[in-house]
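**Q** build me a model from this:
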Amino acid sequence: MANALSVDLRCRVVEAVEQGMSRRQAATRFGVSAASAVRWHQRYSTTGTVAPRGQGGDRKSKHVEAHAAFILAEIMRQPDMTLAELQARLEQERSARFAIGTLWRFFRRRRITRKKRPLMPASVSARM
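**A** Residues are numbered from 1 along each chain as shown. Next up is the predicted model:
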């Protein structure tokens with residue numbers, strides 16, 4: 001992933017556009033892509049800043065968090081429920097599909113541990 005270009009360069013490009021230069025001309029003058037000049041000017045027009053937005057971070061947990069009350073109630077009702085069983089219950093009763101990893105992170109944020117898999121069947125070759 002490339003690092004964001006300097007705020008100083010962004011400011012110079014946007015300033016050139018504000019002084020009447022086209023975005024493409026400003027991009028050529030400062031040696032950046034036309035797409036970057038367009039994005040920077042657009043960001044400046046809407047937010048008043050050319051500073052880059054933060055990179056990364058969690059953008060999806062809000063989806064599972066919308067079902068937090070239901071998930072926690074199900075776990076209270078059936079404490080030994082596996083993540084796979086919870087996943088199936090969410091899809092069946094709430095039409096919400098989440099990966100096992102998403103559910104695992106939901107519980108991790110709350111420091112709630114869950115069992116990893118259902119009980120194994122009794123061994124056929126068990127000692128007698």
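
**Q** output the below-cut-off pLDDT ranges for the protein.
**A** Filtered on pLDDT under 70, the chain yields the residue ranges 1-3, 114-120, 123, 126-128.

**Q** do a quick rundown of the helices in it.
**A** 7-18, 23-30, 34-47, 61-65, 68-77, 83-94, 100-109 (DSSP state H).

**Q** right, and these - which one's nearest Val124?
**A** Among these, helix 83-94 comes nearest to Val124, with 23.9 Å by CB to CB. To be clear about C-beta, it is placed using only N, CA and C from the backbone, and glycine gets the same treatment.

**Q** ok, the nearest residue to Arg23 once chain neighbours are set aside to Ala26 distance?
**A** If the residues on either side of it in the chain are set aside, Arg23 comes closest to Ala37, at 4.4 Å by CB to CB, 6 or more residues apart in numbering. Look at Ala37 and Ala26: by CB to CB, to the nearest Å, they are 5 Å apart.

**Q** mutual contacts of the two, please.
**A** Val13, Val17 (CB atoms under 8 Å, 6 or more residues apart in numbering).

**Q** sounds good, over and out.
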